[in-house]
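Q: everything below, folded, please.
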Amino acid sequence: MQISKYSQIILKEAAKKNISYEPIGEAGRMFILKRGKKHTFIYQSLTELISDPAYTISANKFLTDYSLKKGGFPVPKFKLIREYEE
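A: Residues are numbered from 1 along each chain as shown. Next up, the predicted model:
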């Protein structure tokens, strides 16, 4: 099983904090992090604590641009190009 680079980062940090993990399946992308009676699921770098709206915004360049501008963050200008000639 090859662990994804995103999961490797999470698991490395978990080990530093004495948090154990258990792989789910054989793809190397999903794990359960455990400490004592507490646990959380991770899929690459996503957990159940990340909301669908946050994931949707971060996966869409236009929504991310809008959200960052609305929050007062500086963002570079960009233009959607639909045709090669543009």
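Q: which parts of the chain are strands?
A: Assigned by DSSP state E, the chain shows strands spanning 20-24, 30-35, 38-43, 46-47.
Q: which one of the ones you listed is the most hemmed in?
A: strand 30-35 (a mean of 16; mean count of other Cβ atoms under 10 Å). (Each C-beta comes from the backbone N, C-alpha and C, glycine too.)
Q: is Met30 bridged to anything, and to what?
A: Beta bridges link Met30 to Ile24, Tyr43, judged by DSSP bridges.
Q: biggest helix in the protein by residues?
A: When every helix of the chain is counted residue by residue (DSSP state H), the longest turns out to be helix 5-16.
Q: what's that helix packed up against?
A: Here helix 5-16 touches strand 20-24, strand 30-35, going by 3 or more Cβ pairs under 8 Å, 6 or more residues apart in numbering; DSSP states H and E.
Q: so which of those strands gets nearest Tyr6?
A: With Cβ to Cβ as the measure, strand 30-35 is the member of the helices and strands packed on helix 5-16 nearest Tyr6 (10.9 Å).
Q: returning to that earlier point: got the helices and strands packed on helix 5-16 as TSV, with mean pLDDT and distance to Ile9 columns?
A: Converted to TSV, the helices and strands packed on helix 5-16 look like this (pLDDT from 0 to 100; distance: least, Cβ to Cβ, whole Å):
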stretch	mean pLDDT	distance to Ile9
strand 20-24	89	13
strand 30-35	90	12
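Q: mind putting the ones you listed into JSON lines with distance to Ile10?
A: Conversion of those to JSON lines gives the following (distance: least, Cβ to Cβ, whole Å):
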{"stretch": "strand 20-24", "distance to Ile10": "8"}
{"stretch": "strand 30-35", "distance to Ile10": "8"}
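Q: lovely, talk soon.
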